[in-house]
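[1] quick one, fold the following:
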Amino acid sequence: MKKVSVVALVSLALGVGGCETMQENPRTTAGAAIGAVAGAVIGHQISHGKGAYVGAALGALAGGAIGNYMDRQQRELEQQLARERAARQIEIQRMQDESLKLTLDAQVSFDFDSARINPGFADSLDRLAEVIRKYDKTVVHVVGHTDSIGSEEYNQRLSERRARAVGDYLASRGVDPARIHTEGRGEREPRATNATEAGRQLNRRVEIYLKPIVEGQEQKAHEPPPASPRYY
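    Numbering: from 1, shown residues only. Next comes the predicted model:
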């Protein structure tokens with residue numbers, strides 16, 4: 001596997017710009033720049049698509065320690081992303097299997113019809129990556145979703161590109177690429193009606209699942225998350 005040094009990555013990233021109407025600061029601009037370059041130099045190290053779920057040699061948790069570990073991670077995520085949660089830009093849910101599910105509003109995180117991360121959202125992703133990096137006994141699944149505007153094939157590709165962009169960005173901020181899997185599910189799992197703009201906005205999203213690595217069951221953490229409940 002081809003490796004690229006962090007120094008080289010940062011050096012390349014400093015020349016890349018971004019766009020969006022939200023006010024930028026130096027941390028945001030640098031983060032967006034690194035994320036733009038990451039797809040070229042880190043993306044190939046991340047597992048993309050359902051056929052690529054292969055276990056990696058990562059640390060594992062004893063069964064009795066899982067709940068406490070995920071509790072602490074959830075609290076830190078809620079603290080770090082309090083502003084985004086209040087604005088309903090990010091939702092954080094605890095799943096029955098102890099995984100954490102974060103739902104990112106694509107209206108905020110991406111330009112329309114684009115897989116380019118908004119520079120104004122980079123600071124949020126930086127804080128998210130900081131917590132994910134700290135709690136390294138989880139596998140990170142990034143799943144893209146779209147509304148039903150456009151062809152099914154186009155929406156599938158867009159969802160894959162958006163998931164990959166988020167996965168690459170997290171890797172560029174220090175999350176081990178061996179922990180990251182990305183996939184797109186297109187328009188197949190709507191959470192609201194596609195008949196209204198408000199519903200379509202809810203359907204345009206990226207979900208991040210943080211699945212704990214359980215000792216003796218390490219491979220389960222690398223299995224794809226279940227389908228999201230569909231709106232009918």
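[2] show the pLDDT at the residue of the chain positioned farthest from its centre.
    Relative to the mean C-alpha coordinate of the chain, counting by CA atoms, centre = their mean, the farthest residue is Gly64 (27.2 Å). pLDDT recorded at Gly64 is 83.
[3] backbone dihedrals for it, both of them.
    Backbone torsions of Gly64, given as degrees, to the nearest 10, read phi -70, psi -10.
[4] next up, phi/psi of Leu104, please.
    phi -100, psi 130.
[5] and it, how many residues sit next to it?
    By the criterion of other CB atoms under 10 Å, Leu104 has 26 neighbours. Quick note: C-beta positions are derived from backbone N, CA and C, even for glycine.
[6] can you give me phi and psi for Ala62?
    According to degrees, to the nearest 10, Ala62 has phi -70, psi 150.
[7] got the buried residues for stretch 67-84?
    By neighbour count on 16 or more other CB atoms under 10 Å, the buried set for stretch 67-84 is 69-70, 73-74, 76-77, 80-81, 84.
[8] apologies, that question was intended for stretch 209-225.
    209-214, 218, 221-222, 224-225.
[9] strands along this structure, start to end?
    Secondary structure of the chain (DSSP state E): strands at 47-48, 90-94, 100-105, 138-145, 180-184, 205-212.
[10] now render the ones you listed as TSV, adding mean pLDDT.
    Output for the strands of the chain, formatted as TSV (pLDDT from 0 to 100):
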stretch	mean pLDDT
strand 47-48	71
strand 90-94	98
strand 100-105	98
strand 138-145	98
strand 180-184	98
strand 205-212	98
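[11] for Ala171, find the nearest of those.
    With CB to CB as the criterion, Ala171 lies closest to strand 180-184 of those, at 6.0 Å.
[12] how about the CA coordinates for the closest one, as PDB?
    The C-alpha trace of strand 180-184 is given here as PDB (Å, rounded to 0.1, in the frame of the first residue of the first chain):
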ATOM      1  CA  ILE A 180     -12.900   3.800   8.300                       C
ATOM      2  CA  HIS A 181     -15.400   2.200   5.800                       C
ATOM      3  CA  THR A 182     -17.500   4.200   3.500                       C
ATOM      4  CA  GLU A 183     -20.500   3.400   1.300                       C
ATOM      5  CA  GLY A 184     -23.400   5.100  -0.500                       C
END
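[13] so where's this protein uncertain?
    Where the chain drops to pLDDT under 70, the residues are 1-45, 47, 49-58, 232.
[14] and the helices in it?
    6-13, 26-41, 66-80, 82-86, 106-109, 122-134, 152-172, 197-203 (DSSP state H).
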